[in-house]
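Undergrad: would you be able to build a 3D model of this:
(2 chains)
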Amino acid sequence: MQNNMIKISNLEKIYRTEEVETIALNKMNMEVKEGEFVAVMGPSGCGKSTLLNILGLLDDPNGGSFLFNGEEIAHYNERQRANLRKRTIGFVFQSFNLIDELTVFENVELPLIYTGVKASERKERVEAALDKMQIMHRRNHYPQQLSGGQQQRVAVARAVVNQPKLILADEPTGNLDSSNGNEVMALLTDLNDAGTTIVMVTHSEHDAKYAHRIIRMLDGQTVTESILREQL
Amino acid sequence: MFRNYFITTFRILMRNKLYSFINIAGLTIGLAACILILFYIQFEFGFDRYNKKANRIFRITENIQTPDRIASDATSPAPLAATLQSDFSGIEKTARMVQMSHFISAYHDVLVSYGPKEFYEKSMYFTDPSFFKIFAISLLKGNIKNGLTRPYTIFISSSIAQKYFGKNDPIGKTLDIAGSQPYEVTGVFKDFPPNSHIHADFLASFSSITSGETTSDWGVQVYTYILLKNKSDASAIQKRLSFIEKKSVPSSKDENISFSLMPLLRIHLYSRLRFEPEPQGNIKYLYLFGAIALLILIIACLNYINMSTARSTKRALETGVRKVMGASRAQLLRQYFFESFLLNSLAFAFAIALARLLLPYFNTVTGLPISFDSVSSLWIFIILGVVLCITSLLSGLYPAVLLSSFRPVLVLKGKIFSESGVRLRRGLVIFQFTASIILIICAIVLERQMKYIQNNMPGDKDGVVILIRNRDGKLKDYASFKTELLRNPQIESVTTTQFIPGFAHDEESFEPNDIEGVDHKVSLPIFYGDTSFVKTLGIRLIEGRNFSGNYPLDKQNAVLVNEAAVERFGWKEPVGKYIWFSESNFSNGQVSFSRVKKQVIGVVNDFHYQSLREMVSPVIIEMAETPLLYIAVQTNGYNVSQTLSFIKSTWKTFVPGEPMDYNYLKNDYTAMYRSDYLLGNIFRNFAMLAIIIACLGLFGLIAFTVERRTKEIGIRKVLGASVQSIVALLSREFVLLVLIAFVIASPIAWWIMNKWLQNFAYKIHIGWWIFLVAGVVAVLLALITVGFQAIKAAVANPVESLRTE
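TA: Down below sits the predicted model:
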C-alpha cells in the first residue's frame, strides 16, 4: 500500500468581492497516493482549477487541512510554499506559459536556475529532458517558432527537468489537436509509469481514461470517484 | 543567474523597440542634461582650488558705513598689508594687487605695444613678488626674487608672450605701456586657469606705481591677499584688524570703516562685493541649476516607471511563470533591479557621449570654457556612479516591487489589472508635466524680462549706438568731428559722455553746495553732455527745454535734472529752480573756490543710467562742449558696417596714428546682465528637454493604451463609432492630465519668478497670457503626441483590430 502524498480534508476556498461571495471549494476531501495518476473532471466553475492551484501551492486555502507527504502545509507562508514547490512540483498548463523572450533550452533551464543547480549539470539535465520529449532539435528556437504540440512538449520538459515527485497538469491538451494531444498524454503516462505522481484537470473523457482514477467535482465538492485501473 | 537576467533584458529590449527607445532616449537626454549641469557645478565649485594653499589664503575686504548706506568692497587700503605683516606673526605672506589701468588709463584697458604690435589689454595688475608665494601660478621663465622688485619690470603670461614675441625669448625685451612707459619683461608665468576669480596677463612690479604715496596712502585701494601660517589664525587676525582700524584709519564721524577676512574659496560663489576684479558667480544659481538637473532626471526616471508599469500586464505572465518555476520574490526583485540598472547603464553610456557632443553648445550657452578633460576627474566619475545607482534604484524600485508582487494564480489566468497602477501613472504624468510647465513659464518670464532689459537700453530702439573711446583726450576738435559725422545720413546724432550709458556707478557722486528749497545735503551723480546727449541716449524731455546752441549761456548756468531728482527735492515746479555748485579756479598757481548758480531748464525722464537692478536715483546733467571719455554715435541701424567704416575713416583724419577704439553699446550693456542671460538660456534649453522627455513618455503610454484597447476600439467601430469620437476617447484622459498639471504648475512658477524678479527694481509684470501660452504649448504638444497614435488606432480596420485577440 502506497503512502498518501496528498491528503486534504474539509478544504475551503472562498473568493470575495464587494458584492459577491463565491465558494470555490466547499469542505473538499481528497487523497492522492504516491505514484498515482488522478484525473479531476467537472463542469466549468466547479472548483477544479482552484483545487489545482492549492495543490500546486500557488494559492492558499481559507480553511481545512492540507497534508503533503504527511506534513501540514495549509498554514505555510509564501516563501515556504515557494521552497517546497520548486523542489517537488512540476506544472503543465493548457496555454503552455512559456516565456517568449527565452529559447526552448532557456525555458526548460529556468526551474534549475531557481533551485541553484550548477551550469554544467543544468546543461546535462536540460538536454536529457529535451531528448526525452524529442524536441532536442528545436533547442535554440523561440516558443513562437514552434507548433502547439511542440510548445507543450517543451512545457512538459520544463515540468519534469527538476525531477518533481508531483506533476500538476491543467488541461494539458486543451489547446492541441487530437494527435498532438495524444502524444502529450502518452508522455504523461510514461512519466507516471516511471513513478511520478500526476494530478490532471481535464474536460476530455478521452484524456481522463489515461488515469488510474477519476474524481468528478461539482460546486466545490467531490461527487463521484471511479477507479479505472489499479495502480501497479 | 545574471546571465539569464541579462539575456531576458536584452531580448525584451530588442523585441519592444518602441518601448526600449522611449526608455533609453528619455534617460539618455535626462542624464546628459544632468551631466552637463554637473560639469558646470563642478567647474564653479572648483574656483581657485588649483591653489594648494587655498585654505590658508584670504582676501581683506572693507565695509564702509555711512548714514545713507553700507557698502562692502573687495578692495582695502594699500598700507594695510605691510601693517598686518609687521603686527602679526600668524601671517606668512601678504601680496597687494591693483589694476594698472587705475593709475595709467582712464579706461579699463591699456594700450600695450611691442614694435608694430599694438593691443588694448585688460588684465594688467601691479603686484608684489610674494604673489607667486601665495598663489600656485608657476613661473616658466625668470625668477621671483629679483624679477618683480625694480620699478618698470613686468611678468607676462605665456599666451601674452606668444602674442607679442612669438617664438622669441621675451626676457629682457621691453614693452611700451600706455604709449610711453617702457617695462622690461623679467618673467613669464603660466596662464591662470579658467576657474580663477582673477586672471592676470601682465603683472608689473608694485614699485612701478609712481604716485609715490601708494604704500602709505590709506586712500589708495588695492586687493590685499594674505597667506596664514594656520587656517585657525583667521579669527585672531580678524580681531587684529579691528585694532588696526582704530589705530590707522583716518576716522570721520560720517563714515565707519571696518575690515574683514574673506576666504579665497568663497570669493567666486559668495562675494557680493563691489569692485571685484571680474564678474563672479552666484551660489544661488548653482542650487537652482542643480534643482533643474534633478527635476529633469526625475522626469526621465518617471518615464521608466511609467513605461515599466504600463507594460507590467505583459510582463506579468513571465513573472507568473518564473514564480511557478520556483523564483522567490527576492530573486525577481533582483532581476527587475538588474534590468533597470542595465538600461540605465546603457542610457548612461549614451548620455556621456551625448554630453561630450553637446559640450561646445553648452559652453556657448553658458559662456563657460569647460572642456571634457578638465572636468573628468575621479570624483566626478564617483558622483556620476552614484547618480547612476540612484536613477537605477529610483526607476527600478516601483516596477520591481509591483511586478514581483503579482500572484501567479491570477496572472496565469490573465486576470491582471491594477487600478492603482493606472492611478500612479496618471500621477506621474501630472508630475512630469507640472515640472515641464513650470520650466516653460519660467523660461518665458526670463525671456520677457531680458527683452524688457533690451528695450530699456539707452539709445533709439531701432538704431545702433557705437561708443568710441576718446583715449587720453586725443580727439581735440570734437565739434568738427561731430559735424563731419553728421554729414552721413545714416548717423542720426552724436554726443559725448563720461560714462557708458546703463553702466554708470553710483560712487561717482557729488554734493552740490545748495539746492533751492532743500535744507539738507544731497549727494548725487553729475553727468555731462552736449546738446545731443538727450537725443542720442534716447532720453525723453518731460518738461522745459534741452540744452541748446541758441542759448550760449547754457554751458555756464543751465542744468537738467531727472524726475527722481524732482521728487527727492520735493519741487512742485522744477523748471527755473536754482542749484549752487562750488567750482575751483586756477589762477597764478592758486586754487580758489567760488559758488556758481545754475538754473534747472528742463526735466528728463528717469533713464536707466545704471543697471535695471537699481532704482533710478536723482541725477543732474550739465552741459559740456569739450570731448569727454566717450563719443556716442547713434546710427539708424541700416548698413551699420558701412557706417562704421565711415566713422573709422573720419576718426583717422582727426586722430591720425591712433586706432579707433570702439564698442557697440549693446555689447557692454548685455555684459552687465550676463548671469541673467545665462539663467534664461539654461531655462529655455532645459524646459525644452523636460517637455521632450515628458512627451516621449506620453507617447509610450498612449502607444500602450492603444495596444491594450485595440479590441475595444474595434468593437466600438463595428458599432458605429466615428474616427473623431475614438480619437477623443483616447486623448481626453491625457489632455485632462496635462490640464491638471497646468493648474498645479502655474502658482508655483509664479512664485519662483516673482522671487527672481525681485532682483530688479524695474521689471515686467507677469501677465496671465504667459501662463496661457505655457498651458497651450503643453496641451498642444500632448495632443500632437497622443493624437498621432490615437488617429492611427482610430482609422485602423476594425476587422484587423478584432483579429488580434
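
Undergrad: CA atoms for contacts and neighbours, from now on please.
TA: Will do.

Undergrad: where's residue B:64, which helix or strand?
TA: strand B:57-65 (DSSP states H and E).

Undergrad: starting at the chain centroid, how far to that strand?
TA: When C-alpha coordinates are averaged (Cα atoms, centre = their mean, to the nearest Å), strand B:57-65 and its chain have centres 24 Å apart.

Undergrad: and if you look at stretch B:660-680?
TA: Using Cα atoms, centre = their mean, the offset of stretch B:660-680 from its chain centre is 11 Å.

Undergrad: hmm, back to that, tell me the helices and strands packed up against the strand holding residue B:64.
TA: The contact analysis (3 or more Cα pairs under 8 Å, 6 or more residues apart in numbering or on different chains; DSSP states H and E) places strand B:57-65 against strand B:70-73, strand B:76-77, strand B:221-228, strand B:256-263, helix B:264-270.

Undergrad: for chain B, give me its nearest residue in chain A.
TA: Here chain A gets closest to chain B at one residue, residue A:86, 4.3 Å apart by Cα to the nearest Cα.

Undergrad: which residues touch residue 95?
TA: Just so you know, I chose chain A. A:172, A:174, A:175 (Cα atoms under 8 Å, 6 or more residues apart in numbering or on different chains).

Undergrad: if you could check chain B rather than the one you did, that'd help
TA: Taking Cα under 8 Å, 6+ apart as the test, what residue B:95 contacts is B:81, B:127, B:128, B:129, B:130, B:131, B:134, B:224, B:225, B:226.

Undergrad: what is the orientation angle of the host helix or strand of it with strand B:221-228?
TA: Assigned by DSSP H and E, residue B:95 falls within strand B:91-99. Angle of strand B:91-99 versus strand B:221-228, following axes from the mean of the first three to the mean of the last three Cα atoms, to 10 degrees, is 160 degrees.

Undergrad: direction included, what does strand B:91-99 pair up with?
TA: Strand B:91-99 has the following sheet partners, assigned by DSSP bridges: strand B:124-127 (antiparallel), strand B:221-228 (antiparallel).

Undergrad: now do the longest helix along chain A: which elements does it pack against?
TA: Scanning chain A for the longest helix, with DSSP state H as the assignment, gives helix A:178-193. Contacts defined by 3+ Cα pairs under 8 Å, 6+ apart place helix A:178-193 against helix A:148-160.

Undergrad: tell me the contacts of the residue nearest the centre of chain A?
TA: In chain A, the centroid-proximal residue (Cα atoms, centre = their mean) is residue A:168; its distance is 1.1 Å. Residues near residue A:168 by Cα under 8 Å, 6+ apart: A:52, A:56, A:89, A:90, A:91, A:92, A:198, A:199, A:200.

Undergrad: for it, list each beta-bridge partner.
TA: With DSSP bridges as the rule, residue A:168 is bridged to residue A:91, residue A:199.

Undergrad: near the spatially closest residue to residue B:91 that is not a sequence neighbour, how many other residues are there?
TA: Closest residue in space to residue B:91, ignoring its immediate chain neighbours: residue B:228 at 4.5 Å, by Cα to Cα, 6 or more residues apart in numbering or on different chains. Counted with other Cα atoms under 10 Å in any protein chain shown, the neighbours of residue B:228 add up to 22.

Undergrad: next: the one 5 residues further on.
TA: Counted with other Cα under 10 Å, the burial measure for residue B:233 works out to 14 neighbours.

Undergrad: and it, that one's in a helix?
TA: Yes: counting by DSSP: H, G, I helix; E, B strand; the rest coil, residue B:233 is found in a helix.

Undergrad: pLDDT at residue B:419, what is it?
TA: Listed pLDDT for residue B:419 reads 57.

Undergrad: which residues does the residue most central in space within chain B contact?
TA: In chain B, the centroid-proximal residue (Cα atoms, centre = their mean) is residue B:675; its distance is 1.7 Å. Counting by Cα under 8 Å, 6+ apart, residue B:675 touches residue B:281.

Undergrad: again, but for residue B:30
TA: Counted by Cα under 8 Å, 6+ apart, residue B:30 has contacts B:293, B:296, B:297, B:299, B:300, B:689, B:690, B:693.

Undergrad: roughly how far does residue B:560 sit from chain A?
TA: 84 Å (Cα to the nearest Cα, to the nearest Å).
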